[in-house]
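Peer 1: Curious how this folds, go ahead:
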Amino acid sequence: MEIKINERDAANWVSGSLDGYTFEAKVFDEPSVYGIPTPRFEDGGNVSKLFVRDEDGREVFLFDRGCYSGMVLHCAEAAAEIVAELEATFCRAGE
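Peer 2: Below you'll find the model as predicted:
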């Protein structure tokens, strides 16, 4: 799977794509309790909002500051990969 990440704008929004999925995410430099938990940041990571759409434009994964909704389970793996890549690219915690 190859992920494409566009640049982060002034409001911390990032967009991109992964194997037919497109996404928009609100990404910060530091983890937060409002972010998606990850193995590195179990209490909340640096991605506070994530919207993933499939190739037909249907929303298949939604996360908004602590609330999951609209998640299609077979899309969770793609969402997890997107979050891991965004964390690796933008999180500056511990540097």
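Peer 1: nearest spatial neighbour of Pro37, skipping sequence neighbours?
Peer 2: Leaving aside its sequence neighbours, Pro37 sits nearest to Gly44 (CB to CB, 6 or more residues apart in numbering; 5.7 Å). Every residue, glycine included, has its C-beta placed from N, CA and C.
Peer 1: Test my guess that the one you found contacts Pro31.
Peer 2: Yes. In this structure, Gly44 is within contact of Pro31 by CB atoms under 8 Å, at 5.7 Å.
Peer 1: Comparing these two, which residue is more hemmed in?
Peer 2: Pro31 (24 against 17; other CB atoms under 10 Å).
Peer 1: OK, contacts around that one?
Peer 2: Phe41, Asp43, Gly44, Gly45, Asn46, Cys91, Ala93 (CB atoms under 8 Å, 6 or more residues apart in numbering).
Peer 1: Just the buried ones out of these, please.
Peer 2: Among the contacts of Pro31, those classed as buried by neighbour count (16 or more other CB atoms under 10 Å) are Phe41, Gly44, Gly45, Asn46, Cys91.
Peer 1: How about Gly66: what's its closest non-neighbour residue?
Peer 2: Counting by CB to CB, 6+ apart, the residue nearest Gly66 is Tyr34, at 5.5 Å.
Peer 1: ok, and the residue nearest to Pro37, which helix or strand is that part of?
Peer 2: Using DSSP states H and E, Gly44 is not contained in any helix or strand.
Peer 1: and if you look at the one 4 residues further on?
Peer 2: Remark: Ser48 resides in strand 47-53, with elements defined by DSSP H and E.
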